[in-house]
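In: Kindly return the folded structure for what I paste below:
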Amino acid sequence: MIFGNETISTYSRSNMMIWFIMALQAGLLNVGGFLAANTFISHVTGFATAASVQIEMGNTFRFLGLVLIPVAFLFGAMISGVLIDLRIKLKKKPKYYWVFGLMFFLSLLVTVGGFNDFFGEFGHTPESINGYSLVVLLCFICGIQNGAVSLVSKSVVRTTHLTGITTDLGIGLVRIINRKRISDINDEGKANLMRSGIILFFVIGSLAGVPVFQQFEFRGFLLPCLISGFLFFIMFVFQVVIPFFKSSKILILK
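Out: Here you go, the predicted structure:
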């Protein structure tokens with residue numbers, strides 16, 4: 001993924017490093033959103049239930065806000081589809097650095113909004129457009145991230161929530177335990193290591209985020225913003241800067 005390849009080994013060291021960093025970031029975003037707005041971010045399933053409850057109670061504003069959140073996740077995944085999957089289908093190089101650049105830009109918006117008290121009072125359920133805009137932005141970021149990782153790994157990896165990856169780990173452990181009785185499990189050990197690492201780093205991000213957001217409130221989003229910036233930087237260097245200098249060197253030699 002770092003080098004912008006179209007075909008990618010899910011269990012390469014560089015990719016696993018990125019999966020773990022992205023899981024750490026997702027843990028931070030989730031706990032930040034939960035502490036700031038009393039709602040989870042990347043768990044789309046619950047929003048349908050919560051929206052149904054709100055419309056039955058006659059809270060139309062909250063209903064519309066809750067509906068908009070999973071829609072943001074959907075559009076985020078669509079962005080990754082355009083920048084990665086569609087380009088691959090059209091025989092073009094995927095724009096991974098664009099994806100990470102957009103994630104960094106949106107994280108920067110969240111951070112700037114936090115520094116300027118744009119999202120309302122920290123720790124309160126959203127009651128205004130400003131409050132819901134925080135959750136929508138965070139969910140949009142998670143949608144982009146989840147879409148990108150899903151496409152790169154051919155739907156093997158998820159980094160923004162743990163339901164699927166925990167299910168896969170449970171199945172993988174059964175395969176490893178019974179490896180003498182079954183075949184075609186050559187990569188199962190690597191897969192289980194990757195799955196365990198994602199779960200661990202998501203939990204670490206969540207645990208680290210609690211004191212950070214309790215102390216700094218909205219300013220705590222600076223931490224996931226820095227992580228997004230780091231990922232964008234290494235993608236841009238390996239996919240744009242280094243190829244540019246290599247091509248320039250070839251032209252000079254010619």
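In: SS state for the spatially most central residue of the chain?
Out: Closest to where the C-alpha atoms of the chain average out (CA atoms, centre = their mean) is Q145, at 3.3 Å. Assigned by DSSP: H, G, I helix; E, B strand; the rest coil, the conformation of Q145 is helix.
In: Any regions of the stretch 1-150 of the chain where pLDDT drops low?
Out: Flagging of the stretch 1-150 of the chain using pLDDT under 70 yields the residue ranges 1-10.
In: what do you get if the cut-off is 90, keeping everything else the same?
Out: 1-19, 38-70, 88-89, 91-95, 114-115, 117, 120-121, 124-132, 148-150 (pLDDT under 90).
In: hey, where'd the helices end up in it?
Out: Using DSSP state H, counting those that start in this stretch, the helices of the stretch 1-150 of the chain run over residues 13-37, 44-56, 60-80, 86-89, 96-115, 129-152.
In: Can you list the buried residues in the longest one?
Out: In other words, helix 13-37. 15-16, 18-37 (16 or more other CB atoms under 10 Å). (Glycine included, C-beta is placed from N, CA and C.)
In: just the fourth one next, same as before
Out: In terms of neighbour count (16+ other CB under 10 Å), helix 86-89 has its buried residues at R87.
In: Can you identify the element that follows the longest helix belonging to the chain toward the C-terminus?
Out: Ranked by residue count, the top helix of the chain under DSSP state H comes out as helix 188-216. Next helix or strand after helix 188-216 toward the C-terminus (DSSP states H and E): helix 222-236.
In: and the angle for that next one with helix 188-216?
Out: On the basis of axes from the mean of the first three to the mean of the last three CA atoms, to 10 degrees, helix 222-236 is oriented at 140 degrees to helix 188-216.
In: buried residues in helix 222-236?
Out: Across helix 222-236, burial judged by 16+ other CB under 10 Å covers L222, L223, P224, C225, I227, S228, G229, L231, F232, I234, M235, F236.
In: returning to that earlier point: hang on, the residue nearest to the centre of the chain packs against F104?
Out: No. In this structure Q145 lies outside contact range of F104 using CB atoms under 8 Å: 11.3 Å.
In: Tell me how many other residues crowd G220.
Out: 24 (other CB atoms under 10 Å).
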